[in-house]
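Student: need a 3D model of the sequence below.
(one chain, ligands or ions: 1)
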Amino acid sequence: MSAVSNINNKKVTVHTLENMTHRGEKISMLTAYDYSMAKLVDASNIDVILVGDSAANVMAGYETTLPITLEEMIYHARSVVRAVNRALVVVDMPFGTYQGNSKMALQSAIQIMKQTGAGAIKLEGGQEILESISRILSAGIPVMGHLGLTPQSINKFGTYAVRATTENEAERIVADAHALENAGCFALVLEKIPAILAKRIAQELTIPVIGIGAGKYTDGQVLVLHDMLGITQDFSPRFLRRYHSLGDEIRSAVRQYSSDVKNGTFPSESEQY
Ligand code: KIV
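Tutor: This next block holds a predicted model:
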């Protein structure tokens with residue numbers, strides 16, 4: 001079997017991802033928040049599209065992911081789902097919709113699934129949110145976990161620096177990872193932790209482990225679309241590979257358009273009726 005045998009138009013499900021990991025095929029995941037970008041991403045052989053709460057930063061310009069609301073996430077997710085034929089669409093549950101109250105967590109998750117048509121939800125945290133995870137799973141909603149740097153807890157951490165640099169924190173993340181798998185999560189995102197720790201977790205767990213800033217040994221990788229395309233340019237962590245400098249190209253095209261308008265070369269005769 002080829003290492004890229006999942007290049008086809010068959011809809012990706014949580015079971016597809018499970019099978020890919022068992023076969024040793026890497027999973028590709030990117031964020032998207034709107035119809036036009038999601039259509040381009042879905043046509044490019046991406047397995048999972050995450051409607052991340054990074055929409056708070058990328059789409060709305062907030063400094064943290066905390067302010068984005070459930071209704072705003074649902075708006076983004078509906079736009080993405082309308083565009084997508086193949087990828088599994090996973091929606092981040094925003095801050096304040098699942099922590100500390102498992103009944104509210106279930107209601108929020110049901111609202112996302114009912115109103116968006118997405119395939120799964122993602123939430124941040126370990127053993128402290130297990131009750132919420134179990135309740136959501138009991139309604140048949142697939143859950144992706146997220147450990148390591150969890151941006152919704154920025155006010156507790158105080159920084160976006162690499163996590164799990166102490167033995168204690170590393171062991172806590174390993175224990176949390178097992179707890180999430182045992183609870184029934186179908187996959188786990190590990191953000192900004194040492195590669196060697198992510199390797200251990202990926203080896204110990206049977207569910208797909210998807211990394212961002214977690215090295216090359218995980219079962220898949222995720223990046224924020226606008227970062228990897230170079231649309232956002234003021235964020236350059238070591239783990240970010242930029243595949244384009246679209247920000248420069250957009251600025252240059254807009255400058256050219258503005259100049260053409262001002263000097264009267266747009267529209268030309270062939271561009272008018
Ligand atoms: O919101 C997001 O974009 C994320 C990814 C960084 C994994 O959670």
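
Student: ok, now which ones touch the residue in the stretch 1-150 of the chain that the ligand sits nearest to?
Tutor: Residue nearest to the ligand within the stretch 1-150 of the chain: Gly52 (2.5 Å; CB to the nearest ligand atom). The C-beta positions use only the backbone N, C-alpha and C, and glycine is treated the same way. Shown in contact with Gly52 (CB atoms under 8 Å, 6 or more residues apart in numbering): 31, 33, 92, 224.

Student: for the third one, give its distance to Ala183.
Tutor: So that's Asp92. 18 Å (CB to CB, to the nearest Å).

Student: centre of the chain to stretch 226-234, how far?
Tutor: 15 Å (CA atoms, centre = their mean, to the nearest Å).

Student: what do you get for stretch 20-33?
Tutor: With CA atoms, centre = their mean, you get 11 Å for stretch 20-33.

Student: what residues does the stretch 151-273 of the chain put near the ligand?
Tutor: 189, 191, 212, 222, 224 (CB under 6 Å from any ligand atom).

Student: picking that back up, so between Asp92 and Ala183, which is more surrounded?
Tutor: Asp92 (29 against 18; other CB atoms under 10 Å).

Student: could you count how many residues lie near Thr69?
Tutor: Using other CB under 10 Å, Thr69 is surrounded by 13 other residues.

Student: same thing with His15?
Tutor: Neighbour count for His15, taken as other CB under 10 Å: 11.

Student: which phi and psi does it have?
Tutor: phi -70, psi -30 (degrees, to the nearest 10).

Student: circling back: so which of the contacts of Gly52 are in strands?
Tutor: Among those, the ones falling in strands (DSSP state E) are 31, 92.

Student: looking at the contacts of Gly52, which two lie furthest apart in space?
Tutor: Greatest spacing in the contacts of Gly52, by CB to CB: Asp92 and Val224 (11.8 Å).
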